[in-house]
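Asker: just need the structure, nothing else, for what follows:
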Amino acid sequence: MNADTGTNAKAMSMIVTKGSLDWAYPPFILATTAAAMGLKVSMFFTFYGLTLLKKKLDLQVTTLGNPAMSMPMMGMHMGMPNIVSAIPGVDAAASAMMKNLIKKKGVASIEELRDMAVESDVKMIACQMTMDLFEYKTDDLIEGPELGGAATYIEEASKSEINLFI
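Answerer: Alright, predicted model coming up:
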């Protein structure tokens, strides 16, 4: 605790690289929690993580390559073998099940968590290189994120006691 200001002087930065529904929760939950605890938080959205800053989100669950994925069904937890993920429509069905479970359990949506991050003054940086690579325009994104590159992130990270790669 900073004796002069009465605030927590610590900072946290993170690189957000994934843009699926299941990978969107950790960075926004950690960012909003850290901000609520008084930390200065910055998030650098790059590659597929940049999609989390788009105005309209249509996030899907990643089932392929996720052998730990199990969903509560029929009174038990059922795992999903990787081979099942290759069947057309499985990702959409798993995404619908996950979205239903999120709603049923009263978990905040990614849009709600993102709004909370904005309201909490979490600094969001959209990777300029990724914007160029995937041909995104600033109009595609929510209002607020600044554009920056690796140097922008490193500047933030060098001032942070906590640095995460998600």
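Asker: low-scoring pLDDT stretches of this structure, where are they?
Answerer: The model of the chain has pLDDT under 70 over residues 1-9, 63-74, 76-88.
Asker: the same query, at a cut-off of 90, please.
Answerer: Within the chain, the segments meeting pLDDT under 90 span 1-9, 58, 60-102, 105.
Asker: centre-most residue in it?
Answerer: Centroid-nearest residue in the chain, with Cα atoms, centre = their mean: residue 24, separated by 3.2 Å.
Asker: so who does that residue touch?
Answerer: 18, 52, 59, 110 (Cβ atoms under 8 Å, 6 or more residues apart in numbering). Backbone N, C-alpha and C define where each C-beta goes, glycine included.
Asker: repeat the analysis, applying 7 Å as the threshold.
Answerer: With contact taken as Cβ atoms under 7 Å, 6 or more residues apart in numbering, residue 24 is in contact with 52, 59, 110.
Asker: of those, closest to residue 91?
Answerer: residue 59 (11.1 Å; Cβ to Cβ).
Asker: now the residue nearest to the centre of the chain: closest residue in space that isn't a chain neighbour?
Answerer: residue 110 (4.7 Å; Cβ to Cβ, 6 or more residues apart in numbering).
Asker: sounds good, over and out.
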